[in-house]
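>>> Structure for this input, please:
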Amino acid sequence: ACDADQAAYAHWLAEGAVRFGVAIHSWVFMTNHVHLLATPSHDTSLSRLMQYLGRLYVRHYNYTYTRSGTLFEGRFKSCLVQEDQYLLTCIRYIELNPVRAGMVKDPADYRWSSYRAHAFGIDARLWSPHELYLELGPIGKRRQRAWRNLVSEALDVEVLSKVRHCANTGLVLGTESFREQVRKLRS
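Purely as a prediction, here's the structure:
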């Protein structure tokens with residue numbers, strides 16, 4: 001509802017990420033949903049983080065707005081992402097969410113996302129840059145410029161649709177051979 005709410009969410013997300021061993025690579029806090037790209041250190045890390053975050057943030061929100069009950073619709077949605085093919089695309093998808101929603105024209109104008117950390121090196125307590133992002137350049141300024149250039153390129157409509165579909169359904173985001181590898185591991 002306001003910057004104070006976003007700041008509270010960011011605070012508990014950062015705190016919980018450390019507590020439960022989750023690296024947060026990208027985020028955007030929208031007015032009615034949140035996108036995160038994260039790497040959990042253990043099988044239960046992400047679930048425990050989301051449970052922790054839900055308890056603390058919902059309590060804060062209900063107290064602040066004199067309300068009671070749940071705030072989120074059911075369990076969080078998640079999907080496994082094939083790093084080498086889709087990770088940077090997912091980060092772009094996440095950081096461009098406010099632009100697609102018509103909230104800003106430039107992702108740098110949206111305060112509650114990881115874009116300014118990636119594109120300008122703005123310090124963010126909850127940010128753990130992913131290795132693939134770090135490989136964009138040997139030093140910060142070059143890497144940041146490479147990120148801005150990458151984000152300025154239009155996302156392929158088909159890829160965008162695939163990212164959105166997998167994120168909403170919990171399907172594995174990757175090539176057919178990667179999805180087959182995951183199927184074999186799960187059986």
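>>> so what's L96 up against?
By C-beta atoms under 8 Å, 6 or more residues apart in numbering, the contact list for L96 reads P107, V151, L155. For glycine as for every other residue, the C-beta is placed from the backbone atoms N, C-alpha and C.
>>> which stretches of this structure form strands?
For the chain, applying DSSP state E gives strands covering 22-29, 34-40.
>>> Pipe those into JSON lines and attach distance to R145, mean neighbour count and mean pLDDT per row.
Below are the strands of the chain laid out as JSON lines (distance: least, C-beta to C-beta, whole Å; neighbours: other C-beta atoms under 10 Å; pLDDT from 0 to 100):
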{"stretch": "strand 22-29", "distance to R145": "18", "mean neighbour count": "22", "mean pLDDT": "98"}
{"stretch": "strand 34-40", "distance to R145": "21", "mean neighbour count": "19", "mean pLDDT": "96"}
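>>> Dump those strands to JSON lines, plus distance to N168.
Below are the strands of the chain laid out as JSON lines (distance: least, C-beta to C-beta, whole Å):
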{"stretch": "strand 22-29", "distance to N168": "15"}
{"stretch": "strand 34-40", "distance to N168": "11"}
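>>> thinking again about what came up before, out of the contacts of L96, who's the most crowded?
Within the contacts of L96, P107 tops the neighbour count with 25 neighbours, counted by other C-beta atoms under 10 Å.
>>> Nearest residue to that one in space, please, no chain neighbours.
Y115 (4.2 Å; C-beta to C-beta, 6 or more residues apart in numbering).
>>> What's the biggest helix in the protein, counting residues?
helix 45-64 (DSSP state H).
>>> Give me the contacts around that one.
With contact meaning C-beta under 8 Å, 6+ apart, helix 45-64 is reached by 4-5, 8-9, 12-13, 16-17, 19-22, 38, 40, 67-72, 76, 78.
>>> give the contact list for the most centrally placed residue in the chain.
Closest to where the C-alpha atoms of the chain average out (C-alpha atoms, centre = their mean) is L36, at 2.0 Å. Residues near L36 by C-beta under 8 Å, 6+ apart: L13, I24, S26, W27, I94.
>>> Could you rerun that using 7 Å?
I24, W27 (C-beta atoms under 7 Å, 6 or more residues apart in numbering).
>>> Which parts of the protein are helices?
Ranges of helices within the chain are 3-20, 45-64, 83-95, 97-100, 115-120, 131-134, 140-152, 157-169, 176-186, based on DSSP H.
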